[in-house]
Structures are given as C-alpha cells and as structure tokens.
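Student: I'll drop the sequence and a predicted model, then ask my questions.
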Amino acid sequence: MNTKLFSELPTSVRIMEVGPRDGLQNETMALDADQRVGLIRALAAAGVKNIEVGSFVSPKWVPQMADTDTVVSKTGDIDANLSVLVPNPRGMEQALVAEVKEIAVFTATSEAFCLKNTNCSVDESLERIKVVTEQALAAGMRVRGYVSTVLDCPYDGPMDAQRCADISKQLIDMGCYEVSLGDTIGKGTPIRMAHLLETVMKQVPASQLAVHCHDTYGQALANILVSLQMGISVVDSSVGGLGGCPYAKGASGNVATEDVVFMLTEMGIETGIDLSALNAIARDMSVLLDKPLPGHVHKA
Ligand code: HMG
Ligand code: MG
C-alpha cells in the first residue's frame, strides 16, 4: 500500500448529523414533532454527538420544519450538541425563546441560489448573519456557518473557489466556530473538491472547516475521502441518506451517515457511533416514510 497517500488521515472524525433538518426538510411526508424527537433521541442513543434538529425558517417556505420550537423543548435533556438553522432576526427571536445552545447560519457562493433559498442577495444574507451572529454570541450560543453551492449552482453552474473562500472567511470573522462547505447539488468530484479546499484553506484553517456533501451524483464518499486527506475532520451526513434542499432543483439527500461511519470505521478512524444502531434507525425511517432510502450500508 502507498501509505503516503493516507498519512494525513485524521484518527477521529466528528460527524454532524443533519438528517432531522436537512433530511426531513425535503421529504414529501412531513413528520410531526414527536416523530422528529424520536429520531433525534435514537440518533443520540446511537452515539451521535452533534445533531441539527430543525430550522426556525418560515413554515410557509419549509412546512416540514414547523414546530421546531416543540422539537427543541422536548430534546433539551439529550446529552449531545443540538443545533438549529436560523435564517434571519425573526428566526433568531425564536432561537432565543427556545434557549438553543447552538445555531447554524447559512449563505451561498451563488447569487441565484441565495435568492431562491432566502429571498435575498449574498451580501444581504451576510448582513443578516452578522446581526444574528452578534445576538447569538451575546446570548452565549455557538454559531456554525454554512456556505452552499460551493462547487456548482443549479442555476449559475460552476462556482469560483476564491469567492467561496472570501465568504467563508467573512463567516469566521463574524464569529462562526466552523464553516461547513455545502456541495448542495452533489456535482463535485475529488479534484475539484481538493482545489476548492486548497483555496479556502489559504484563508480558513482546516480545523475550522467541515464538508457537507449531497450525494446526487454518487460522488460524496470520494469527495469526503479527499477532504480527509487534506486535513478536514468534520463531516456532515444524514442517516439513511435522507434529504436535499427544496430550493436546489434535483438536489437529493446528503451522504448517508451509516455509509460514512462504515467507511471511516473500516479505515480505523473513530466516530464514536454505533453502526448497527445507525442501520436500525435508517431502516426504521424507511418504514416510517414508506420508501426506500438511498443509503447503502443499512441495506447491505
Ligand atoms: P421572506 O419572505 O423574504 O421574509 O423570507 P419576510 O421577512 O419578507 O417575511 C415574510 C413572512 O415570513 C412574514 O410573515 C414573516 O413574519 C415570516 P407574514 O407577515 O407573511 O405572515 N417570516 C418567518 N416566519 C418564521 N420564521 C422566520 C421568518 N422570517 C420571516 N425565520 C426567509 C425569508 C429566510 C424567512 C425565507 O426565505 C425562508 O424561510 N427560507 C427557507 C430557507 C430554507 O430553510 N432552506 C433550506 C435550508 S438551507 C439548505 O438546505 C442548505 C444547507 O443544507 C447546505 C447545503 O446543502 O448547501 C444548509
Ligand atoms: Mg444540505
């Protein structure tokens, strides 16, 4: 084996489970708050330590994420870092009332996607994020940032890596502890991912970056592997491969958590997650949603 190829791999990886948010936001069948709480509890019991539990976005835009306040209030006792997506000051008001400990803010490299997703330009979204982040930090919350469409936009095509780097750096400067780079439509391939990371890492260290790969073109694990080789040690994923983005036509689910955990475990990289418990959750979700889910390992 050419060990040099793998000498940079981390010994452990932090998984950010986004199924209850990114996954369920794009399912036709909306789960009620108790069903979502059941999923979050099962994930935590499987050893998942970081879970995005919902969004304080407009329920007219994303009805699947309605009642996120109830989900938060019913999961307060869970021993895991739970976070909620917040798009604007209105969402931040809800986060303050719910007393969440962590929020996630989001913008994009692409103007067209940002407009479709949040009804504003990238600059306007960064202004909103600045206000929201200041409030969150003042309230003692942690703030995670997302940049979407880092490689390709469904409307504007391939994206400029330098622009993604500049936006990521702005999020870090505002106080985000980490920026997750979203390949929203999953069209990226490993060499492009490596080039993107190389560019972004000139402005933001690998220790403050995560990758968020949708698996639309089946490239997610390859892109994750190259990211790990470049020093990234935080990976977003969604149990069963649930999900997508309602404002990115054709975007299918995130890479399945069980597929990532299987690959990492087999390579000797720790995640702290019980793979058989994760597989059982994916199978239960498949029954609940009455459809096969795209993840591989839970079906193997
Ligand atoms: P807007 O229509 O421009 O907002 O939406 P507005 O300020 O003009 O308000 C319009 C109405 O919405 C008002 O109500 C507001 O009160 C209400 P009305 O007077 O008509 O009854 N409103 C809200 N209600 C609840 N919560 C709020 C809120 N804000 C306003 N926070 C907004 C702007 C951002 C709210 C809207 O565009 C929205 O909710 N977008 C949804 C975005 C979303 O959730 N997208 C999916 C998540 S991002 C993603 O999946 C990508 C990611 O996974 C990374 C990747 O894969 O790349 C993170
Ligand atoms: Mg996503």
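Tutor: Sure thing, it's come through. Ligands and ions are numbered 1, 2, ... in the order given.
Student: which residues sit against the lengthiest helix in the chain?
Tutor: The single longest helix within the chain, with elements called by DSSP state H, is helix 122-138. Contacting residues not belonging to helix 122-138 are listed as 86-89, 91-92, 95-96, 103, 105-111, 114, 118, 120, 142-143, 145, 167, 170-171, 174-176 [CB atoms under 8 Å, 6 or more residues apart in numbering]. Where you see a C-beta, it was placed from the backbone N, CA and C, and this is true even at glycine.
Student: buried residues in that helix?
Tutor: By neighbour count on 16 or more other CB atoms under 10 Å, the buried set for helix 122-138 is 122, 125-126, 128-130, 132-133, 135-136.
Student: among the contacts of helix 122-138, which are in reach of ligand 1?
Tutor: On the criterion CB under 6 Å from any ligand atom, 87-88, 91, 106, 118 are the entries of those that sit beside ligand 1.
Student: which of these fall in strands?
Tutor: Counted as lying in strands by DSSP state E, out of those, are residue 106.
Student: out of the ones next to ligand 1 among the contacts of helix 122-138, who's the most crowded?
Tutor: For those, counting by other CB atoms under 10 Å, the largest number of neighbours falls to residue 87: 25 neighbours.
Student: could you report the separation of the nearest residue to residue 252 once chain neighbours are set aside from ligand 1?
Tutor: Leaving aside its chain neighbours, residue 252 sits nearest to residue 216 (4.6 Å; criterion: CB to CB, 6 or more residues apart in numbering). As for residue 216, its distance to ligand 1 is 11 Å (criterion: CB to the nearest ligand atom, to the nearest Å).
Student: residue 216 falls within a helix, correct?
Tutor: No. Under DSSP: H, G, I helix; E, B strand; the rest coil, residue 216 sits outside any helix and is assigned coil.
Student: start and end of stretch 260-271, how far apart?
Tutor: According to CA to CA, to the nearest Å, stretch 260-271 extends 10 Å from its N-terminal end residue to its C-terminal end residue.
Student: gap between it and the chain center?
Tutor: On the basis of CA atoms, centre = their mean, to the nearest Å, the separation between the geometric centre of stretch 260-271 and that of its chain is 19 Å.
Student: for it, give the mean pLDDT please.
Tutor: Stretch 260-271 shows a mean pLDDT of 97.
Student: flag every buried residue along that stretch.
Tutor: 260-264, 269, 271.
Student: please tell me how far the residue in the chain positioned nearest to ligand 1 sits from residue 117.
Tutor: Of all residues in the chain, residue 182 sits closest to ligand 1, with a separation of 2.4 Å (CB to the nearest ligand atom). For residue 182, the distance to residue 117 (CB to CB, to the nearest Å) stands at 11 Å.
Student: neighbour count: these two, which is higher?
Tutor: residue 182 (29 against 23).
Student: so what's that one up against?
Tutor: Contacts for residue 182 (CB under 8 Å, 6+ apart) come out as 108, 146-150, 212, 214.
Student: close to ligand 1: what parts of the stretch 51-200 of the chain are there?
Tutor: Counting by CB under 6 Å from any ligand atom, the residues of the stretch 51-200 of the chain that sit close to ligand 1 are 55-58, 61-62, 85, 87-88, 90-91, 106, 117-119, 146, 148, 182, 184.
Student: hmm, 8 Å instead?
Tutor: For the stretch 51-200 of the chain, the contact set with ligand 1 under CB under 8 Å from any ligand atom comprises 55-62, 65, 85-88, 90-92, 94, 104, 106, 108, 117-120, 146-150, 180, 182-184.
Student: buried ones among the residues you listed?
Tutor: For those, burial is judged from neighbour counts taken by 16+ other CB under 10 Å, and it is met by 55-58, 62, 65, 85-88, 91-92, 94, 104, 106, 108, 117-118, 120, 146-150, 180, 182-184.
Student: which of those fall in helices?
Tutor: Members of those lying in helices (criterion: DSSP H): 91-92, 94, 117-118.
Student: out of the ones next to ligand 1 among the contacts of helix 122-138, which one sits closest to residue 14?
Tutor: Distance to residue 14 across these (CB to CB) is lowest for residue 106, with 19.2 Å.
Student: roughly how far apart are that closest one and residue 54?
Tutor: 14 Å.
Student: list residues touching both of those two?
Tutor: When contacts are counted by CB under 8 Å, 6+ apart, residue 106 and residue 54 are jointly contacted by residue 85.
Student: distance to ligand 1 for the buried residues of stretch 260-271 - can I get that in CSV?
Tutor: Listed next are the buried residues of stretch 260-271 as CSV, based on distance: CB to the nearest ligand atom, whole Å:
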residue, distance to ligand 1
260, 15
261, 20
262, 22
263, 20
264, 21
269, 23
271, 20
